[in-house]
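In: coords please:
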Amino acid sequence: MQGAIKRFWPAVAWAILILILTGVPGTYFPEVETFWEWLTPDKIVHMGIFGVQVFLILLGFDPQYLAGKNRYVVVIGAAIVTILYGLITELLQHFVFIGRDGNMFDFLADAAGALLGLLAYYLLKIRNTVAKMNIE
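Out: Residues are numbered from 1 along each chain as shown. The predicted structure follows:
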């Protein structure tokens, strides 16, 4: 159990940081009227922080889970947890945090970031882990 805590503390610390940052009153961002206007620096930040979140969750798992038959369950589970966390932060911004406004486009950026984090993890880690197992 203590080993799991050590492996997942970066993901938990990052999740706490996300919650703090999404709860702090921010500056007003103009309303987005079209799909193509949604890709603003704010949305790129959302994609980045939630991409890092899913990446850190996956780093917490032992390589054996991510190289075995059930790796897709772990990977998809990490994405779902991260996407749901993005939804929760947007709902908290809308209904609870003062000076914040939850936004559907922010949630979509959170989800896109989670998927990009999966892609980054796959490209950097899973491919290398599977290659090492095949060599041995």
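
In: residue contacts, residue 68?
Out: Contact analysis of residue 68 by CB atoms under 8 Å, 6 or more residues apart in numbering lists nothing. To be clear about C-beta, it is placed using only N, CA and C from the backbone, and glycine gets the same treatment.

In: gap between it and residue 55?
Out: 19 Å (CB to CB, to the nearest Å).

In: now do residue 109
Out: As judged by CB to CB, residue 109 and residue 55 stand 16 Å apart.

In: Equivalent analysis for residue 93, please.
Out: As judged by CB to CB, residue 93 and residue 55 stand 23 Å apart.

In: more neighbours, the two?
Out: Neighbours around residue 93 and residue 55, counted as other CB atoms under 10 Å, are more numerous at residue 55. The numbers are 24 against 21.

In: Just give the nearest non-adjacent residue to the more buried one, would you?
Out: Excluding the flanking residues, the one nearest residue 55 by CB to CB, 6 or more residues apart in numbering is residue 117, at 4.5 Å.
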